[in-house]
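quick one, fold the following:
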Amino acid sequence: MTVGNLGYYIREGFSGLRRGGSGSAGAVFTVVLSILVLGVVLLV
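Numbers count the residues shown, from 1 in each chain. Here you go, the predicted model:
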């Protein structure tokens, strides 16, 4: 996963949160996963 892809997933996740609805659960998961991946990258 590249930094560009990570940024894309984060943007998609937040846009999903703004839209809400049935996609909000997936958006929350995407944001949490992105934060975890970013944390791992920073720790390495």
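
what about the chain, any weak spots by pLDDT?
Residue ranges of the chain with pLDDT under 70: 1, 3, 16-24.

contacting residues around the helix or strand where Gly7 lies?
Assessed by DSSP states H and E, Gly7 sits inside helix 3-19. Under the criterion C-beta atoms under 8 Å, 6 or more residues apart in numbering, residues 23-24, 26-28, 30-31, 33-34, 37-38, 41 lie in contact with helix 3-19. All C-beta atoms are positioned from the backbone trio N, CA, C, and that covers glycine.

what residue is smack in the middle of this structure?
Using C-alpha atoms, centre = their mean, the residue of the chain that lies closest to the mean C-alpha position is Val31, 3.0 Å off.

could you find the closest non-adjacent residue to that one?
Leaving aside its chain neighbours, Val31 sits nearest to Gly13 (4.0 Å; criterion: C-beta to C-beta, 6 or more residues apart in numbering).

around the one you found, how many other residues sit close by?
When neighbours are defined as other C-beta atoms under 10 Å, Gly13 has 21 of them.

as a quick check, tell me the outermost residue of this structure.
Largest centre distance within the chain, by C-alpha atoms, centre = their mean: Val44, 19.4 Å.
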